[in-house]
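*Asks:* Predicted structure and sequence below. I'll ask about it afterward.
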Amino acid sequence: MDLSELNNAGLVLLGCGKMGSALLQGWLQNGLEAASVTVLEPNPSDWLRGTGVHLNTALPARPAMAVLAVKPQMMGDALPALQALGGGATVFVSIAAGTSLATIERVLGAGTPVVRAMPNTPAAVGRGITALIGNDFVPVAALDLARALMAAVGQTVMLTSEAQMDAVTAVSGSGPAYVFHLIETMTAAGVAQGLPEEMALQLAKATVAGAGALAEAAAESPAQLRVNVTSPNGTTAAALGVLMNPETGFPALLPRAIKAAAERSRELGQ
């Protein structure tokens, strides 16, 4: 769906920090006109000031969409600013982790159409992935438009149940941090084996980025790609003997880590 549909209907963005800025930049690059956007942001960046959007002005009367891009702990203070738009035709898209559809609808008014979206930080370079789910008041066309908004910064997937959002948060929402830590530890291990730190970091970053790109582009499964790299009794096999150990390797660690993140997401949603 073309974002230019919003050029006449209008869009409100509540919060324009790192994620909000990444989204706005993607929208402007994909056909949304700055004049159709109203941004509410108490600490606007120089970049935001130069975009040409309506910044901290009065809300439009009936914008098609309002995107909530504030941190979950700030939602209670920020959301009342948009209460006047609730309970009508404006569709609210929230990217706040742990804030349920019902919570947002309760603040904005019964019958408010709300979409929850969980993007991740690679959206800043157009390589994010976002999972979406809407409540019963969101028309199909509006859900498609919400998906188009998030597709401006990467891939999208549609959930069948809001309960799946905790798992999404644990896998892809928090997931970039796991990969960054992998790069950190690979770098430190390279230094321990005699590499200069700058070189070890370059090798680790390029390896992780390249392997991810190959995993996306290849027809083979990640398991097959792993086999392709692994010569019998070779160096990779020696390393995988450690990493794939069922008690101390990735098969034990990652499920525990992702479970901990999912459980914390459920707690935040209470």
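*Replies:* That came through, no problem. Numbers count the residues shown, from 1 in each chain.
*Asks:* quick one, strands of the stretch 1-150 of the chain?
*Replies:* 11-14, 37-40, 54-55, 65-68, 91-94, 114-118, 128-134 (DSSP state E, counting those that start in this stretch).
*Asks:* in which helix or strand would I find the residue nearest to residue 252 when sequence neighbours are not counted?
*Replies:* Of all residues beyond its chain neighbours, the one nearest residue 252 is residue 246 (6.4 Å), with distances taken as C-beta to C-beta, 6 or more residues apart in numbering. Where C-beta positions appear, they are placed from N, C-alpha and C, glycine not excepted. Using DSSP states H and E, residue 246 sits in no helix or strand.
*Asks:* Check the spacing between residue 246 and residue 194 real quick.
*Replies:* Distance of residue 246 to residue 194, given as C-beta to C-beta, to the nearest Å: 31 Å.
*Asks:* Could you do residue 245 as well?
*Replies:* 25 Å.
*Asks:* Compare those two (neighbour count), which wins?
*Replies:* residue 245 (13 against 7; other C-beta atoms under 10 Å).
*Asks:* for the more buried one, what are its contacts?
*Replies:* Residues near residue 245 by C-beta atoms under 8 Å, 6 or more residues apart in numbering: 251-252.
*Asks:* Can you find which helix in the chain contains the most residues?
*Replies:* Criterion DSSP state H: the longest helix present in the chain is helix 197-217.
*Asks:* buried set for that one?
*Replies:* Going by neighbour count (16 or more other C-beta atoms under 10 Å), the buried part of helix 197-217 is 200-201, 204.
*Asks:* wait, isn't residue 101 in contact with residue 165?
*Replies:* No: with contact defined as C-beta atoms under 8 Å, residue 101 does not reach residue 165; the gap is 9.4 Å.
*Asks:* which residues do the two both contact?
*Replies:* 116, 133.
*Asks:* who has more neighbours, the two?
*Replies:* Each of residue 101 and residue 165 has its neighbours counted (other C-beta under 10 Å); residue 165 has more, 25 against 22.
*Asks:* Can you tell me the element that one falls in?
*Replies:* helix 165-168.
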